[in-house]
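J.: Provide a 3D model corresponding to the input given below.
(one chain, ligands or ions: 1)
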Amino acid sequence: MADINELRSKMDEITIEMIKMLKKRTGIAKEIGEIKKNTGKVVTDESREDSLRIKIISLCKELNFDETIATKFLNFLLNESVKVQSSNKQTHLSIFLKAKSLELEGRKIIHMEVGEPDFLPPQIVKDALEEVYDKGFFKYGQAKGIPQFREALAQHVSKNFNIDVKQENIMVNPGARFGIFTAINTLLNSGDELIVIEPAWPAYKDCALYAGVKVRTINTTLEENWEPSISQIEQTINSNTKMIALNYPNNPTGKILSKKLQDEIVNLAIKNDLYILSDEIYSQYAYADWKSVLCNNYEKSIVTQSFSKSHAMTGFRIGYTIAHQDIIDKLSKFAALCLTNVSEPVQYIAMRALEADTSDNTNTVQRRLELLARKAKEMNLDFVVPDGAMYIFARVNQEGFDGVQFANSLLDKGLAVAPGEGFGNYQNFIRLSACQDEEILTDGMNILTEYVRDIQ
Ligand code: PMP
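T.: Modelled structure (predicted):
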């Protein structure tokens, strides 16, 4: 029998060698990152990653080694490369922060870069703010949320989507972003894979990177009406794939999938035992036929919802997750570790906000989207008329157009828009938000029209 100390020192040697190799690999990744930056190439090249994956799988066959472990290790290495290469990504948030600092210098900026409704929360919120002190909701509470609030949310969801949701299926979050972060960090392990359909709100990818989860991207195109292809998703699924993220109505495209296509994706997830993370925070702004993933009754689906957009309550930081009780139990353990419980006064206020009729918000955003679409058409921008949400994702048809440069220069003219790059490999796109009143949006679109004309 081999000596244990000898074996241990062999293990140490191998581990030390691996660390030295990792340092070497990270150095090369940095160099490649510099080249990509200088030549305007995107960080992730999934076809390159795929060809390496194929090599690793065939090596595993040769060596008779577990392919799942090897590809998880590969995913760790690929994510490390993405981390060292992606320090400079410009998103709607970087433009927003820049716009804010210009405003501090006294400049006037029209905000069409962020998805924050300009209208007020329902009037009932004001009453609730006053009454919460007397109601005594100001102590520590349950990690899943105040029971009365969870019950009210269960009833609200059941009524809205015509399904049967119970309090046990609900967990209150400080915003949908936290719900998404929690789902990815709790349900997935390092080296697992998450499928994201792009263009997409960047947090799915960023949360995954943070959790050591590898993102596999499905790129959709304007020409194909932002529809993902089932066969493309099917080909991306492997033994490490654990979750697919959906977001319809979509930020940034406004797309709503047909029920048939959405059902096909859900069935694919069921067949492959994947979690479905369905971010449905724009459901209040659905102007075409839309169906919640909850209606599919799949026990591995996690739906995130929020008061941010529907009730114009972004700063309250309040949202909720709907899922099978076993999933809610897991998620709430993580939430208890992070924050004990969501602010009790804010939960009470959101519970009262549920009583409000918010259909005016729905109509207002629809009118604004129509205005943006009309103006964008006059400008000959390429876009798909949104089915919902609060945005238009448009391509500017110009040789060598770069959304980041464009958005930065446009700030000087007093207009903030979001560069397409923040939502995936869409450098020649910009996202326009319908979150200001029609007069301001018209002024914004006039600035845009003039600027696009000037640079042509
Ligand atoms: N999901 C999507 C698709 C979003 O666009 C946003 C905010 N822009 C969020 C989630 C975050 O919502 P919350 O304010 O509830 O964290």
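
J.: Going by C-alpha atoms from here, please, whenever you check contacts or count neighbours.
T.: Noted.

J.: Give me the neighbour count for C295.
T.: Using other CA atoms under 10 Å, C295 has 12 other residues around it.

J.: Give me the nearest residue to A356, chain neighbours excluded.
T.: Once flanking residues are discounted, A356 sits nearest to P122: 6.4 Å by CA to CA, 6 or more residues apart in numbering.

J.: quick one: the one you found and L354 touch, right?
T.: No - under the contact definition of CA atoms under 8 Å, P122 does not touch L354, with a separation of 9.4 Å.

J.: So which bits of the stretch 1-150 of the chain are right by the ligand?
T.: G115 (CA under 6 Å from any ligand atom).

J.: Give me the nearest residue to the closest residue to the ligand within the stretch 1-150 of the chain, chain neighbours excluded.
T.: The ligand sits closest to G115 of the stretch 1-150 of the chain, with a gap of 5.3 Å, by CA to the nearest ligand atom. Distances taken as CA to CA, 6+ apart place S433 nearest to G115, at 6.0 Å, with adjacent residues excluded.

J.: Any idea what that neighbour is bridged to?
T.: The partner list for S433 in beta bridges (DSSP bridges) reads Y391.

J.: burial count for it?
T.: S433: 28 neighbours (other CA under 10 Å).

J.: Equivalent analysis for N361, please.
T.: N361 has 20 neighbouring residues, counting by other CA under 10 Å.

J.: Averaged pLDDT, the host helix or strand of it. What do you get?
T.: In this structure, N361 is located in helix 359-378 according to DSSP states H and E. Regarding helix 359-378, the rounded mean pLDDT is 97.

J.: Report the distance from that helix to the chain centre.
T.: In terms of CA atoms, centre = their mean, to the nearest Å, the centre of helix 359-378 is set 23 Å apart from its chain centre.

J.: Please list all residues in contact with the closest residue to A336 other than its chain neighbours.
T.: Among residues not flanking A336 along the chain, A143 sits closest, at 5.2 Å (CA to CA, 6+ apart). Contacts here follow CA atoms under 8 Å, 6 or more residues apart in numbering; on that basis A143 touches S332, K333, A335, A336, T340, N341, V342.

J.: so I244, which of the three states?
T.: In three-state terms, and counting by DSSP: H, G, I helix; E, B strand; the rest coil, I244 is strand.

J.: That one: what's its closest spatial neighbour, skipping adjacent residues?
T.: Once flanking residues are discounted, I244 sits nearest to I195: 4.6 Å by CA to CA, 6+ apart.

J.: what about that neighbour, distance to F149?
T.: According to CA to CA, to the nearest Å, I195 and F149 sit 32 Å apart.

J.: picking that back up, now for the residue nearest to A356, how many residues are close by?
T.: A count of nearby residues for P122, using other CA under 10 Å, gives 19.

J.: do the same with G145
T.: 23.

J.: Could you pull out the helices in the stretch 101-250 of the chain for me?
T.: Ranges of helices in the stretch 101-250 of the chain, per DSSP state H, counting those that start in this stretch, are 123-135, 147-161, 176-187, 203-210, 230-236.

J.: picking up where we left off before, who's in contact with the helix holding N361?
T.: 119, 284-285, 287, 310-311, 382, 385-386, 388, 390-392, 394, 434-435, 437-438, 441-442, 445.

J.: Let's see that with 6 Å instead.
T.: The contact list for helix 359-378 (CA atoms under 6 Å, 6 or more residues apart in numbering) reads Y285, A434.

J.: Endpoints of stretch 187-200, how far apart?
T.: One end of stretch 187-200 sits 21 Å from the other (CA to CA).

J.: Quick one: distance of it to the chain centre.
T.: Relative to its parent chain, stretch 187-200 has a centroid offset of 11 Å by CA atoms, centre = their mean.

J.: what do you get for stretch 438-447?
T.: In terms of CA atoms, centre = their mean, the centre of stretch 438-447 is found 27 Å from the chain centre.

J.: ok, now stretch 363-379?
T.: Offset of stretch 363-379 from its chain centre (CA atoms, centre = their mean): 24 Å.

J.: May I have it as CSV, with CA atoms only?
T.: The C-alpha trace of stretch 363-379 is given here as CSV (Å, rounded to 0.1, in the frame of the first residue of the first chain):
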residue,chain,number,x,y,z
ASN,A,363,-52.3,53.1,-20.3
THR,A,364,-49.8,55.8,-19.8
VAL,A,365,-46.8,53.6,-20.7
GLN,A,366,-48.7,52.3,-23.7
ARG,A,367,-49.3,55.8,-25.0
ARG,A,368,-45.7,56.7,-24.5
LEU,A,369,-44.4,53.6,-26.3
GLU,A,370,-46.7,54.4,-29.2
LEU,A,371,-45.2,57.9,-29.4
LEU,A,372,-41.6,56.6,-29.2
ALA,A,373,-42.4,54.1,-32.0
ARG,A,374,-43.9,56.8,-34.2
LYS,A,375,-40.9,59.0,-33.8
ALA,A,376,-38.4,56.2,-34.2
LYS,A,377,-40.1,55.2,-37.4
GLU,A,378,-39.9,58.8,-38.7
MET,A,379,-36.2,58.6,-38.0
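
J.: In it, which residues are buried?
T.: Buried residues in stretch 363-379, counted by 16 or more other CA atoms under 10 Å: T364, V365, Q366, R368, L369, L371, L372, A373, K375, A376, M379.

J.: Need the residues you listed in a markdown table (columns: distance to V43).
T.: Converted to a markdown table, the buried residues of stretch 363-379 look like this (distance: CA to CA, whole Å):
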| residue | distance to V43 |
| --- | --- |
| T364 | 38 |
| V365 | 35 |
| Q366 | 36 |
| R368 | 35 |
| L369 | 32 |
| L371 | 35 |
| L372 | 32 |
| A373 | 32 |
| K375 | 33 |
| A376 | 30 |
| M379 | 31 |
